[in-house]
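1. Build the 3D model from these lines:
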Amino acid sequence: MKFRNLLAATAAVSLAASPALAQNADRAAAPTAEESNLGEDSGGAGIILAILAAAAIIAGIIIAGGNEDDAPTSP
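-> Residues are numbered from 1 along each chain as shown. This next block holds a predicted model:
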């Protein structure tokens, strides 16, 4: 019984101390040799992706609302 309480107290203290310990860590960014080219002149890939996303949304709406058969399945 006392061991369980000791484990619970240890867990509570470690959870409470984690943000304070993480705040003191000094992290420096690594230097880079070149800049990234992401987002520059994607060749129209964004437009194609937007068209495909719109088609997927429209297809989902059509599939969800396409069941117009109101007849019961069992007699």
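2. Would you mind listing the residues in contact with Phe3?
-> By CB atoms under 8 Å, 6 or more residues apart in numbering, the contact set of Phe3 is empty. For glycine as for every other residue, the C-beta is placed from the backbone atoms N, C-alpha and C.
3. quick one, phi/psi of it?
-> phi -70, psi -40 (degrees, to the nearest 10).
4. I'd like the distance between it and Ala54.
-> 60 Å (CB to CB, to the nearest Å).
5. avg pLDDT for stretch 29-46?
-> Per-residue pLDDT values over stretch 29-46 give a mean of 68.
6. Against Ala11, how distant is Arg18?
-> Small correction: residue 18 is Ser, not Arg. From Ser18 to Ala11 the distance is 11 Å (CB to CB).
7. What of Ile47?
-> Where Ala11 is concerned, Ile47 sits at a distance of 52 Å (CB to CB).
8. could you point out which element follows the strand or helix carrying Ala16?
-> Using DSSP states H and E, Ala16 maps to helix 2-23. Using DSSP H and E, the helix or strand that follows helix 2-23 in sequence is helix 45-65.
9. Show me which residues of that next one are buried.
-> The neighbour-count check on helix 45-65 (16 or more other CB atoms under 10 Å) flags nothing as buried.
10. No further questions, thank you.
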